[in-house]
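Asker: Any chance you could fold what I've pasted below:
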Amino acid sequence: MRYLCRSGLRAAATAAILLAGACSPGTSDEDAVQRGDLAFAQDRYDEALAEYRLAVRQGADDAETLARVAQTYAVLGQVDDAGSFYRDAAQRDADFTDQAVSEVMRMARDARASGDRFAMATAVETALELRPGVGVGDMALDLARHYFRSGEYGRALPFYERAMAEATDSAPDIVFEVGQAYEEIGDCRHALIFFERFREMVRPWERGEVDWYIGTCAFNVARELRAEADVGLTDEERTGRLQRALELVTRANEVGEPRNIQGQAWFTRAAVLSDLGRCEEAMNAYARVREVDAATSLVNRAQDRFDEIRFGRGLEDMRGGRCR
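Answerer: Numbering: from 1, shown residues only. Below is the predicted model:
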């Protein structure tokens, strides 16, 4: 393993100083890397960086020189540039990977301590690119929330999972955020697991917002499952989809949220019951539409379906025990 540590740079600079002293005065014979090492040893990092960059422009693109550039950027706290040069150094010589990961993770911790969540995330992204699966320790939750607040919900979820895996008992707000992240990426089926878990963790008067999410997701997934039940499934698979759809749309009615979709939820519930051949229950559900929804078109549709079942119209279309 090769590691270009700061003490190594200072040792190289000391040797360069001794060599320069043994020769003629001035620095005209020193190359850019040596001048950079001298400046680095004297904590003149901007000057060191300029010399190392000059060396690169002159063609010194070996891994060790690139690592010098990267480390100087790291000392200066410039995360993007440090990561870029560390990636290049590691690509040329894999032995520099350990140094690169160590340095960018140090930068991530420093950025976190200073409250710079963006720099922290950038540094961790570089470390994960260099070594997938590298541990992020107690930064997981901060990273998850950084991505969550930036609207990058898909990137937030793996870090939420890490944070919850390491916690003995996740706080309700974390559980709720995970549910929201899943809902934002369109995965209501997973979102419901976390919303229901959150609901169990809080007091009844704190459930208003989560009930809205539960009702919305339950209703949407129920409709998806009903649509799936009509596509090339065995009778057992079809019944399973419909039973689950019924459970979910019933849940939307139980929480009573969102209020503006309760009529649609009762209509969907009735349709699923009809699909299952539970005709009396379907009629009762269609009758509830009028009670909770003022939309004339939906009420009329519900009444039509109620009449079809009650008076036997459309029986010629009855298939698989459906009430139609």
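
Asker: what is the rounded mean pLDDT of stretch 177-191?
Answerer: Average pLDDT, stretch 177-191: 98.

Asker: swap in stretch 231-238?
Answerer: 89.

Asker: gap between the two ends of that stretch?
Answerer: Stretch 231-238 has an end-to-end distance of 9 Å (criterion: CA to CA, to the nearest Å).

Asker: Can you give me the buried ones in that stretch?
Answerer: Under the neighbour-count criterion of 16 or more other CB atoms under 10 Å, stretch 231-238 has residue 238 buried. C-beta: built from backbone N, CA, C; applies to glycine.

Asker: could we number from 844 for the rest of this?
Answerer: That works, and once the first residue is 844, the last one we named lands at stretch 1074-1081.

Asker: How far off centre is that stretch?
Answerer: A distance of 34 Å separates the centroid of the chain from that of stretch 1074-1081, by CA atoms, centre = their mean, to the nearest Å.

Asker: same thing with stretch 1093-1106?
Answerer: Stretch 1093-1106 has its average C-alpha position 29 Å from the chain's average C-alpha position, going by CA atoms, centre = their mean.

Asker: ok, and what's touching that stretch?
Answerer: 1051, 1054-1055, 1057-1059, 1061-1062, 1065, 1108-1109, 1112, 1132, 1135-1136, 1138, 1141-1142 (CB atoms under 8 Å, 6 or more residues apart in numbering).

Asker: Could you give me the PyMOL syntax to select whichever of these are buried?
Answerer: Buried residues within these, by 16+ other CB under 10 Å, are selected in PyMOL with:
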select buried, resi 1054+1055+1057+1058+1059+1061+1062+1065+1108+1109+1112+1132+1135+1136+1141+1142
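
Asker: Mark which of the contacts of stretch 1093-1106 are part of helices, please.
Answerer: Among these, DSSP state H puts 1051, 1054-1055, 1057-1059, 1061-1062, 1065, 1108-1109, 1112, 1132, 1135, 1141-1142 in helices.

Asker: Farthest pair within these?
Answerer: 1051 and 1142 (27.4 Å; CB to CB).

Asker: And the helix or strand where residue 947 lies, how far out from the chain middle?
Answerer: Per DSSP states H and E, residue 947 falls inside helix 940-956. Helix 940-956 sits 21 Å away from the centroid of its parent chain (CA atoms, centre = their mean).

Asker: Going by contacts, tell me the helices and strands next to that helix.
Answerer: Applying 3 or more CB pairs under 8 Å, 6 or more residues apart in numbering; DSSP states H and E, one finds that helix 940-956 contacts helix 906-918, helix 922-935, helix 960-973.

Asker: Name the stretch among those helices that sits most buried.
Answerer: helix 906-918 (a mean of 24; mean count of other CB atoms under 10 Å).
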